[in-house]
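Engineer: model the following, please.
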Amino acid sequence: MTRTRDDTLEGVASRSVTTDRLETHYLESGGGTGAGETGGEREAVDTDSTVVFLHGNVSSSRFFEDVISSLPERYRAIAPDLRGYGDSETKPVDATNGLGDFEADLRALVSELDLGTPFTLVGWSNGGGVAMRYAIDNPGDVDSLVLVNPLSPYGFGGTKGEDGTPCFEDYAGSGGGLGNDAFVSGLADRDRSEGGEASPRKILRTYYVAPSHTFDTEREESYLTGMLDTVTGAENYPGNATQSENWPGVAPGDAGVNNAISPKYCSLEQITDIDPDEKPPVLWLRGDSDQIVSNESLFDVGTLGRMGTVPDWPGEEVFPPQPMVDQTRAALEEYADAGGEFEEVVFGKTGHAPHVEVPGDFLNRLESVL
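Structural biologist: Numbering: from 1, shown residues only. Predicted coordinates:
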């Protein structure tokens, strides 16, 4: 049974609903009365637009709470917790279906809440990958696609070049076997301490945002809770792994989140194949100081190998850092050449979470497409 929160910001409701796939917790604002209440039925009202926000890996709807509380009342905002995150039900992630489990869960939620279509779909990091998957399969549902520091269309890790060429045939160097054990343990133990380079709080402060960013104390605690509400294990985060003869010795398994975003299973470049008449405009928002999704991600084993942190790196020709930003730009340029349109907006001195770091600028850009 999911739970509803009693600590939401003013104007934000905490609710849960049972779909035919998952008991899903979500935050909601705008679009009528009763937004400050938790649970219960929502009164149906007319709105100018509906916006759905999808969080990233090791996070939850809490990371969008400030944004949805600041949206004008005329917009209805929905921010669900994906399976295995936040206050939603825990179910295994079938990695062999890529991000398909998350996409199907979202489709069931859209139907159960009778959101109506089209709506604006906002996806951050892994949520950007889910948003792309949803738009590929349901283009008529999406009037605008907003990608915030999104996963590359070729997944995370194990590829090179703008076309996402696999470094190895078995996609070694990506997947669940590359999770940081100390970080995973910290999540499992719900560690709120400030000690340790891999503690959840340290990761939040160091990598989720630019180094110059400082948190409001209360909001930091909420974001940290959003991280700690991640289900760990072989079927969720980070997932299982298989041994490989290729560097660095591990390849993707068949379950869990980090395998679902491995290029072995995660294929989102088909976004360019959406019918030109149905292609939603894409707004790509990213921070210029992102250390998680970048051309030299500090979470990419290719970067760590080049730095000497992971030994026996086979070199630039075999396994360079994945050019994640360049891959996304190349795919979106092809998207535009095939009848779509996109705009890239880069926030200066901003890391992986522009909606947290520069919420005013983020909202201005978001409202421009609503």
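
Engineer: pLDDT weak spots in the stretch 1-150 of the chain?
Structural biologist: Applying pLDDT under 70 to the stretch 1-150 of the chain flags residues 1-3, 32-47.

Engineer: now with 80, please.
Structural biologist: Judged by pLDDT under 80, the stretch 1-150 of the chain has its weakly predicted residues at 1-4, 32-48.

Engineer: the strands in it, which residues?
Structural biologist: Using DSSP state E, counting those that start in this stretch, the strands of the stretch 1-150 of the chain run over 12-18, 23-29, 49-54, 75-80, 119-124, 142-148.

Engineer: what are the buried residues along the first one?
Structural biologist: Judged by neighbour count using 16 or more other Cβ atoms under 10 Å, the buried positions of strand 12-18 are V12, A13, S14, R15, S16, V17. In short, each C-beta sits where N, CA and C put it, glycine included.

Engineer: okay, angle between that strand and strand 75-80 too, please.
Structural biologist: Between strand 12-18 and strand 75-80, the angle comes out at 50 degrees (axes from the mean of the first three to the mean of the last three Cα atoms, to 10 degrees).

Engineer: which neighbouring elements make contact with strand 12-18?
Structural biologist: Under the contact definition 3 or more Cβ pairs under 8 Å, 6 or more residues apart in numbering; DSSP states H and E, strand 12-18 sits against strand 23-29, helix 65-70, helix 100-112.

Engineer: kindly report the same for the last one.
Structural biologist: The elements that strand 142-148 packs onto, with contact taken as 3+ Cβ pairs under 8 Å, 6+ apart, are strand 119-124, helix 126-137, strand 282-287.

Engineer: in its sheet, which strands sit next to the helix or strand just after that strand, and in what direction?
Structural biologist: Remark: after strand 142-148, the chain's next helix or strand is strand 159-160, criterion DSSP states H and E. If you go by DSSP bridges, strand 159-160 pairs up with strand 165-166 (antiparallel).

Engineer: rounded mean pLDDT for the helix or strand following the strand it pairs with, please.
Structural biologist: Sequence order places helix 181-188 as the next helix or strand after strand 165-166, per DSSP H and E. Per-residue pLDDT values over helix 181-188 give a mean of 98.

Engineer: stretch 209-223 too?
Structural biologist: Stretch 209-223 comes out at a mean pLDDT of 96.

Engineer: hang on, the earlier thing: a markdown table please, covering the strands of the stretch 1-150 of the chain and showing distance to A210.
Structural biologist: Listed next are those as a markdown table, based on distance: least, Cβ to Cβ, whole Å:
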| stretch | distance to A210 |
| --- | --- |
| strand 12-18 | 26 |
| strand 23-29 | 25 |
| strand 49-54 | 21 |
| strand 75-80 | 23 |
| strand 119-124 | 15 |
| strand 142-148 | 14 |
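
Engineer: can you check which of those gets nearest to D275?
Structural biologist: Closest approach to D275 among these (Cβ to Cβ): strand 142-148, 12.7 Å.

Engineer: out of the strands of the stretch 1-150 of the chain, which is closest to P323?
Structural biologist: Among the strands of the stretch 1-150 of the chain, strand 142-148 sits nearest to P323 (Cβ to Cβ), with 16.6 Å.

Engineer: still on that earlier bit, from the buried residues of strand 12-18, which is closest to F53?
Structural biologist: V12 (11.8 Å).

Engineer: do you know how far the closest one is from C167?
Structural biologist: 43 Å (Cβ to Cβ, to the nearest Å).
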